[in-house]
Each structure stands twice: as structure tokens, then as C-alpha cells.
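Colleague: Quick check, what structure comes out for this input:
(chains A and B)
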Amino acid sequence: MSIKSQIPTIFLTLISLVIIYLALQLKLSPPMIVGDSMQPRAFPIFLMVLNLILTAILAIQIYRNPPKEPAPILRITWLTMVLMVLFYALTVSIDMFVGISVVMFLMSLVWGQRNILVALANAILTPFFVFLLFDMVLRIRFPRGLITNWYYG
Amino acid sequence: MIEAITALGSVFFDPYLLFLIFATTIIGIVIGVLPGLGATTGAALLLPFTLTMSPVHAIAVLATIYVSATFAGSITAILINTPGTSAAAATTFDGFPLAQRGQAGRALGIAVMSSTFGGVASVIVLCFAAPLLARVAYEFRPPEYFALTIFGLSMLASISAGGAVKNLIGGVFGVWLSTIGAERVTAIERFMFGNYELYEGLGFVPVMIGLFAMSELLVQSKIANQAVEFVKMKAVQLPSREDYKKIWKTVLRSSGIGTFIGILPAEGATVASMIGYSEAKRWSKNKEEFGKGSIEGIAGAEAANNAATGGAMVPTMVLGIPGSGTTAIILVGLMVHGLRPGPYLFTEQVYSVYQIFGSMLAANIMFLLMGLYAARLFARISLIPISLLWPIVFALSVIGAYALNSSLLDIWIVLIFGVIGFFARRFGFAVAPIAVGLILGKMVEVNLQNSLKIFHGEWWQIFTQPLAVFFLILAFLGLCGPAIFAWIVKDRKA
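Modeller: Alright, predicted model coming up:
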């Protein structure tokens, strides 16, 4: 059995312990407010103790019957995740719709679209129509940015 | 009763609602035929678009997506051997072989008719079963509700994807997510890290969009360049009299199985279709045809998966416990639109409830017509390159998540839960238990707190309540039943 197959259980154990630690840092409420009920920290701690028990069972299951190792994550998937971060960076620094268009265009190319014009058209027209739909029909105000500033005035 | 019948009938005389159902059926079928984009993802993406609609129209839209996308998964299952939704996986076993034999039209005809029958039968059951269950649920107090939610969470163990332990871990993680924000009684901030946008807790909608749509986007990136084999077809054929003679018992049986499976909390169309298929095989006189293009196999799977849609709405609306991933989103839709799921829905909003049921009935009829006359056209949509399709899903996901609260934090939540969902699925954890856990989490904690108050802090008093004990025994059997059963069988063999 390789240690790799226990990655999920190690991660879950760490997460559960961190959450228990954070829960223990929560303020205690005066007894007159809590009454017969429980302190706000009790429920999350109970949940994480339960999670630790379940994780231990899972660890034994994996030890007895190791699962097939998952295939390595493809470069295309990593790039897609990077594009998600890029989207957020562009949204807060320039404009949400610039972010969506740029990421849609790059994502199309990364995912194997050969025709740049088609990818470009998809990246410009889709956000445009979705923006119009949300703005005019659903009356949603989008965050201010390069394009929205110009549109909203 | 008269009010219920009037409400059911009113759907067919409301042109705007009919138009909405018609348009949503088209969208639902498109979503269903696109591999990877199932009913759950579709409902999550469409939820923000329903914000300005009336509650009935909004829930009708979501329910229509559920019904039509569940059916539409069979189109690609039959024509390209790729189930559009997981619920149509069993349809590929016989649908594609029959299509390869040059009978794609017949296979689709059987699928459409069986799905419609299953769907309509389950809505009829829904109309009768839901108010009866609501009458029982009136008697529920916090201890009973607490036990019921525990039962709902225990049923996560048997969700099809992932193992029982993994599903339970996902469920517990989901319940923990529901504790983020200010605690209800004391207002003490939990796990907010100073972010006051989290005061009311994590938004259901961005978490759902992240877990279902964004994680699916990352999963789909693995198959970005795969080609599909497309079976040509002239037109969809209605089943012949001989076909009907051969399948009617299977359709009836699978409709019953599907409705029952759907009613069980946390079970869904995928489990129903698998059981429907295996039961069709078990009772068939022509077992050797199964796997080679048996029409009974197609009918068994399709009637069951669409019957599960009506069944799954029963616990969702009556008890506030979702019967599947998609009903979890419908439940969120009910809450967003101010309809309080639970037995009181059946006294306070009878008319609206039956209009929603009527909409599901209308949706079944709409997809029957579209399935018969436009399945070929819809099937071609599945050939849209995913390099164009998934960037569109990305745009809809982030804009939709932002739209609900006009909050950039919600976009972060979508992206973070997309990545969490992706890694969870990579290690064999299903994402539906996390979603169901998040929804049920508040109910568990609040009802436990209220029970403690009722019993003056003596938690064991919960076990003195007969209905609560009944649900806790069911939960115990749901969790340990399979292991006990396996142990007994092993012991007898020894």
C-alpha cells in the first residue's frame, strides 16, 4: 500500500483537526443565553469528531483494499484552474466582463478549439447577451469596471 | 380537493406558464443531451434566471428542467452511447445496441413513451402521497424533525456514486459548512474569518453552482478532445402494438419502483434506473436479449428514472429533505422564493403547490411531443464542441452566482467549491452528499437545539418519542443494514 492512496484520509484528518482547533477558539456564550441548549462550538466539534471516526474507518478500508491510483491531472485541467484565478484577478482589477471574455477565449483555445475566430466570437457574444439578459430583464447591477462604467455612465 | 384540481387544471390555461414550460423543456432537453450537463447542473445554472419570476413560475421552471433533462439523457445514450445524464446510464446497455442494429428510431420511441408514462404516473402519486405525508408531518416537533434529518443524512450512505463511508464524510462536511456564519441563538460568529458577508452563512446557490457546474467543467477538461460515434437515424418511431404488449408490464413495474426509490431521501433517478433495469431483466422471458438491444431493458430503465422525478419531489416539498441533487437545488429555489418547504406548504400554499405539480405534468407531455418529433434535431446538439460549450457554462456559472446577492464573494465561493468538488470526485467522493448536508445542516442543528430546550438539556429524552425512535431506527438500518445483512448471509453460508 502506498502512502499516496491515504492522501484523502490524511487531508481529512488535518482538516478535521484544524476545524476542531478553530472551534475551540470560538467565544463561549453566557449560560443565561444558551440555556438548556448547547454552546456554539459544540456542534462543529461533534461533527469533526464524527468525521475523524469516519476517516479512520475509511483509512482501514483503503489499507485493506487499496483503490486504483487516479490518473495524473492533465495540464489542460491545471490550466483551466489557473484561468479561473485569472478571471477573478481580471474581475477585481479591470472588469468582470473583460475577465469573462478573456477567460472564455483562452479556455476555448486550451480545450482544443482551432478556429480562433469562432473562439473569439463565442467569447464576446456570449457574455454580451448574458449581460443584456441580466441587466435588462433581471435588472441585476454588475460590479463597476472598465466596460460597466462606460455602460452605466 | 377542488382547489387542488383547479390548480392542476389552471396550468393548462395559463399561456405564460405554458410558454415557460415549453421553453424550459427545450432548454432541459438541450441540457440533457449535452454529456456532462445533467439536470442538477442545469437547474443550478438556471436558478439565478428565475429570480424575478413568481415562486410558482420559478419552481415550475426548475421542475421542468428536472423532468426534461432526465428524459433527454436517453437520446445521447441511444445515439452516441454516452448518457447525457447519469440516470440514463442503464439506457445505454440496450439502447445503443438496438440503435447499432439500425433501430435507433424504435429505441427512442420506446424511451420517450416509457419516460412519459413513468413521469406522469409519479406525478399522480405525488398529488396523492404528498398531502397524506404532510398530514403525518404536522405532528412532527423538533425531536421528530431532528430524527428525520438524521435519517435523511443516513440515506446518503447509499447514494450511487462513491462508497458509503465517503458519502457520509461528504454529508458531515456539508453539515459543517452550514455552521459557517453567525450562530442562530447566540449570534457568535463561527468560521467567518472576519468576513461579514458570511454572517448569514454560505449561500446555497454559489455552493451548488460550484459543486455541480464548476467541478463538472474541470472533470470535462479531461475529455476535451474525445470524438464520439454517432448513429444515424431517420425518425423516431412510436412503439408498435407488439412492442406495447412486450413492455407494458415492465413499464408499470419500473414506474412503481422509480416512484418508490425517488421518495426515499437522498436516492434518485440513477439508482431507480439501475434497479428498474435489473428488475426488467429478472422478470423478462427473454433475458438473453438484454445487453443486445432489448426493448424491455430500455423501457425498464427509462420508466424508472423519470418516475423517480415525481417521487423525489415528495420528501423535498413535504419534509424539506431533498430526494436527489436536483431536488436539493429545487429546495433552494423554494427557499429563495419564500416558499417554506414542509407540511405547512400544503395548508398555506395549496394552490401554488398543485400548480407546481401541474407544471410537472405539463412538462411530461411537452417532452413527449418534443421527444417524438425533434429528438433527431436535439441529438445533433450533442455534437457541439465542448471547447465552446464549457466556456459558456463557465460564463453562466459566474454571472449566475453573482446575480443572487451582487457579491464578488459568491464568485470566489463558486471557484473554490468547483476545485473542492473536482478533487473530491477525483478521490471517489460524490458531491451530492456535500450539497444535501449543507441544506440539511441547519435543520439538524436547530432541531437539536430546540429538542434540548424542550427536554431541559436531557438529550436522551429524544429516544422517548416514538416517531423520533422510528426514524432513528430507520437511520440505523440505513447505515448498518447492508453490513448486518451481509454478515447474516456469510454466517448462513458458513
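Colleague: Tell me which helix or strand residue 20 sits in.
Modeller: Defaulting to chain A. When elements are defined using DSSP states H and E, residue A:20 is found to belong to helix A:7-24.
Colleague: please go with chain B instead
Modeller: Going by DSSP H and E, residue B:20 is part of helix B:15-33.
Colleague: Next, see if that helix gets close to chain A.
Modeller: No: judged by Cβ under 8 Å from any Cβ of the partner chain, helix B:15-33 stays clear of chain A, getting no closer than 13.2 Å. For the C-beta atoms, the positions are set from N, CA and C on the backbone; glycine is no exception.
Colleague: Distance from the chain centre to the helix or strand just after that helix, please.
Modeller: Downstream of helix B:15-33, the first helix or strand assigned by DSSP H and E is helix B:39-46. With Cα atoms, centre = their mean, to the nearest Å as the basis, helix B:39-46 stands 10 Å off its chain's centre.
Colleague: What of stretch B:322-330?
Modeller: Put simply, stretch B:322-330 sits 5 Å off its chain's centre (Cα atoms, centre = their mean).
Colleague: and the longest helix along chain B, which residues are buried?
Modeller: Counting by DSSP state H, the longest helix found in chain B is helix B:104-137. Buried residues in helix B:104-137, counted by 16 or more other Cβ atoms under 10 Å in any protein chain shown: B:104-123, B:125-127, B:129-131, B:133-134, B:137.
Colleague: hang on, residue A:69 packs against residue A:3?
Modeller: No: applying Cβ atoms under 8 Å, one finds residue A:69 not in contact with residue A:3, separated by 11.5 Å.
Colleague: Between the two, which has more neighbouring residues?
Modeller: residue A:69 (10 against 7; other Cβ atoms under 10 Å in any protein chain shown).
Colleague: any idea how far the more buried one is from residue A:6?
Modeller: Per Cβ to Cβ, to the nearest Å, residue A:69 is found 12 Å from residue A:6.
Colleague: Can you tell me what sits against the helix holding residue A:20?
Modeller: For helix A:7-24, the surrounding residues in contact (Cβ atoms under 8 Å, 6 or more residues apart in numbering or on different chains) are A:41, A:44-45, A:48-49, A:51-52, A:55, A:58-59, A:62, B:169, B:176, B:190-191, B:427, B:429.
Colleague: which of those residues are buried?
Modeller: Judged by 16+ other Cβ under 10 Å, buried ones among these: A:41, A:44-45, A:48, A:51, A:55, A:58-59, A:62, B:169, B:176, B:190-191, B:427, B:429.
Colleague: Closest to residue B:25 out of these?
Modeller: Distance to residue B:25 across those (Cβ to Cβ) is lowest for residue B:429, with 32.7 Å.
Colleague: In contact with the closest one, which residues?
Modeller: Per Cβ under 8 Å, 6+ apart, neighbours of residue B:429: A:8, B:162, B:166, B:167, B:169, B:170.
Colleague: pLDDT score for the nearest residue to residue A:61 once chain neighbours are set aside?
Modeller: The shortest distance from residue A:61 to any non-neighbouring residue, by Cβ to Cβ, 6 or more residues apart in numbering or on different chains, is to residue B:165 (6.4 Å). At residue B:165, the pLDDT value in this model is 88.
Colleague: now swap in residue B:15 and tell me
Modeller: Listed pLDDT for residue B:15 reads 90.
Colleague: Check the average confidence over the helix or strand where residue B:303 lies, would you?
Modeller: Residue B:303 is part of helix B:295-319, with elements assigned from DSSP H and E. Averaging the model's pLDDT scores along helix B:295-319 yields 88.
Colleague: now stretch B:218-231
Modeller: For stretch B:218-231, the mean pLDDT works out to 69.
Colleague: And for stretch A:45-56?
Modeller: Regarding stretch A:45-56, the rounded mean pLDDT is 95.
Colleague: ok, it near chain B or not?
Modeller: Yes: judged by Cβ under 8 Å from any Cβ, stretch A:45-56 and chain B are in contact via A:47, A:48, A:50, A:51, A:54, A:55.
Colleague: Show me what whichever helix or strand the second one is part of is packed against.
Modeller: Spelled out, that is residue A:48. Per DSSP H and E, residue A:48 falls inside helix A:42-64. Applying 3 or more Cβ pairs under 8 Å, 6 or more residues apart in numbering or on different chains; DSSP states H and E, one finds that helix A:42-64 makes contact with helix A:7-24, helix B:164-177.
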